[in-house]
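**Student:** Take a look and give me a structure for this.
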Amino acid sequence: MAATPGVPELRRTRFARRLPAELSELAGPAHGHVDLPLHLAWSGLSRFDLDRPRLRMSCYRIVLAEGRHDDLVRHLNRELLVTMWPVLRTLISRDIRDVRENAFDELPRDARAAA
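**Tutor:** Numbers count the residues shown, from 1 in each chain. You can find the predicted model right below:
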């Protein structure tokens, strides 16, 4: 009898299916305002000023947690994600973090790796 996958394993599989093939596909804006659709920002703030660090971090947390493949590509910017990753990785769930770090060598596994 096959073992039933646990919740973390199911979450990781779900997040992995949403990933782009390469981070270079992330073509979102680096500056200005981003208006997230309701299926992403379903609770609270939906407009984010990417030039304000806290709002940028909040936007990326939401898109990483709730976004589908097309949302990631549309709303995330490769350079911003890589630059923010050492802090952002501490603010997202372990499942989201592990899937991305395993898929993309550009995302360091800890803050020391980015230094």
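**Student:** and the longest helix along the chain, what does it pack onto?
**Tutor:** The longest helix of the chain (DSSP state H) is helix 53-66. Judged by 3 or more CB pairs under 8 Å, 6 or more residues apart in numbering; DSSP states H and E, helix 53-66 is in contact with strand 47-49, helix 69-75, helix 78-88, helix 94-103. The C-beta positions use only the backbone N, C-alpha and C, and glycine is treated the same way.
**Student:** Repeat the analysis, applying 7 Å as the threshold.
**Tutor:** Counting contacts by 3 or more CB pairs under 7 Å, 6 or more residues apart in numbering; DSSP states H and E, helix 53-66 packs against strand 47-49, helix 69-75, helix 78-88.
**Student:** Would you indicate which residues of it are buried?
**Tutor:** 55-64, 66 (16 or more other CB atoms under 10 Å).
**Student:** now do stretch 27-38
**Tutor:** Using 16+ other CB under 10 Å as the test for burial, stretch 27-38 gives 28, 34, 36.
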